[in-house]
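Colleague: What follows is a predicted protein model with its sequence.
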Amino acid sequence: MIQALIIGYAGTVAAGSIEISSSDLTGSGRALDNIKGTWSQALSCALIPGKDLKLSAEYDRSENKNFVKEATLTGTLDKIKYALTTKFNGGNDLKVETTTNDGTKFEAEGSLGNLYTLSEMKVSKVSATRGLSLKNILSGSSQDCELEVTHDLPASESKLSLSSVLGSGVTARGAITSKAGSSSVAYEVEYDTTLSEGRTLHASVNPQDGTGEVEYEDSATLDATITANLPLGGTPSVTVKRSFAF
């Protein structure tokens with residue numbers, strides 16, 4: 001179905017972009033690393049259920065230089081949003097989501113064995129996300145947080161995540177993971193700031209094991225985006241990418 005649609009609409013692409021990226025400029029083999037492209041087209045088709053229909057395709061030269069990597073059909077059915085993706089190297093994915101009246105967002109991800117009959121569906125992951133406000137018993141103040149519960153069915157793994165913006169660009173995240181009768185706790189702190197127009201800094205650290213990274217992104221100096229990444233205790237890298245929209 002999606003294969004036929006993308007071929008039929010290939011000549012009427014409404015919008016898209018092409019991204020060219022370099023390899024690590026600090027290494028010895030400086031060269032063009034990859035070319036990616038995206039295309040999208042709004043649809044009006046009585047044979048496809050729902051509204052706000054859009055067909056998009058993604059090209060990735062590193063995976064298939066001769067054809068698009070995957071195509072995705074998105075739309076809405078009442079309060080349910082769906083995304084049906086066919087991968088041209090094999091496999092069809094389906095993602096559905098809905099938001100209840102109290103603000104809780106439910107998502108389900110899975111695969112389809114038969115794209116034409118939409119049968120043989122296997123659910124692989126379910127999740128629920130909701131914003132909430134936690135009150136500090138001592139100070140009486142409240143802190144806005146986001147709570148997420150996920151369950152990975154094939155891995156039989158459940159995760160409870162809590163994140164909160166502490167202010168001044170600092171975000172704290174914590175997660176409890178349960179798998180095979182055992183559980184683990186992980187947390188990290190992130191910092192984001194805009195140094196000037198077109199220049200941003202992102203830093204993350206895991207206090208438990210001292211891992212993390214610092215990333216600087218500059219899209220103002222050149223007509224391209226320069227990204228410098230410094231993993232804590234690792235080797236720094238610098239890459240350049242250029243995007244063209246049409």
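Modeller: Happy to help now that I have it. Residues are numbered from 1 along each chain as shown.

Colleague: tell me the contacts of residue 82?
Modeller: Counting by Cβ atoms under 8 Å, 6 or more residues apart in numbering, residue 82 makes contact with 50, 74-76, 94-97. Quick note: C-beta positions are derived from backbone N, CA and C, even for glycine.

Colleague: Out of the residues you listed, which sit inside strands?
Modeller: By the criterion of DSSP state E, membership of those in strands covers 74-76, 94-97.

Colleague: can you tell me which of the residues you listed lies nearest to residue 245?
Modeller: The nearest member of these to residue 245, counting by Cβ to Cβ, is residue 74 at 19.7 Å.

Colleague: So that closest one versus residue 58, what's the distance?
Modeller: Per Cβ to Cβ, to the nearest Å, residue 74 is found 13 Å from residue 58.

Colleague: quick check, residue 205 in a strand?
Modeller: Yes - judged by DSSP: H, G, I helix; E, B strand; the rest coil, residue 205 forms part of a strand.

Colleague: If the residue nearest the centre of the chain is in a bridge, with which residues?
Modeller: By Cα atoms, centre = their mean, the chain has its centre lying nearest to residue 95, at 12.8 Å. Judged by DSSP bridges, the bridge partners of residue 95 are residue 83, residue 109.

Colleague: Distance check, the nearest residue to residue 79 once chain neighbours are set aside against residue 92.
Modeller: For residue 79, ignoring the flanking residues on the chain, the nearest one in space by Cβ to Cβ, 6 or more residues apart in numbering is residue 98 at 5.1 Å. Residue 98 is 21 Å from residue 92, where distance means Cβ to Cβ.

Colleague: Pull up the pairing partners for whichever strand in the chain runs longest, direction included.
Modeller: With DSSP E setting the assignment, residue counts place strand 119-135 as the longest strand in the chain. If you go by DSSP bridges, strand 119-135 pairs up with strand 105-114 (antiparallel), strand 142-152 (antiparallel).

Colleague: how about these, which one is nearest residue 177?
Modeller: Between residue 177 and those, the tightest spacing by Cβ to Cβ is seen for strand 142-152, at 9.5 Å.

Colleague: what about that closest one, distance to the chain center?
Modeller: Taking Cα atoms, centre = their mean, to the nearest Å, one finds the center of strand 142-152 at 17 Å from the center of the full chain.

Colleague: CA atoms only for stretch 204-215, dumped as PDB, please.
Modeller: The C-alpha trace of stretch 204-215 is given here as PDB (Å, rounded to 0.1, in the frame of the first residue of the first chain):
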ATOM      1  CA  SER A 204      24.800  15.700  30.600                       C
ATOM      2  CA  VAL A 205      26.300  13.700  33.400                       C
ATOM      3  CA  ASN A 206      25.500  10.500  35.300                       C
ATOM      4  CA  PRO A 207      26.700  11.000  38.900                       C
ATOM      5  CA  GLN A 208      26.600   7.300  39.600                       C
ATOM      6  CA  ASP A 209      29.400   6.300  37.200                       C
ATOM      7  CA  GLY A 210      30.800   9.700  36.200                       C
ATOM      8  CA  THR A 211      29.900   9.300  32.500                       C
ATOM      9  CA  GLY A 212      28.500  12.100  30.400                       C
ATOM     10  CA  GLU A 213      29.200  14.400  27.500                       C
ATOM     11  CA  VAL A 214      29.400  18.100  26.500                       C
ATOM     12  CA  GLU A 215      28.100  19.100  23.100                       C
END
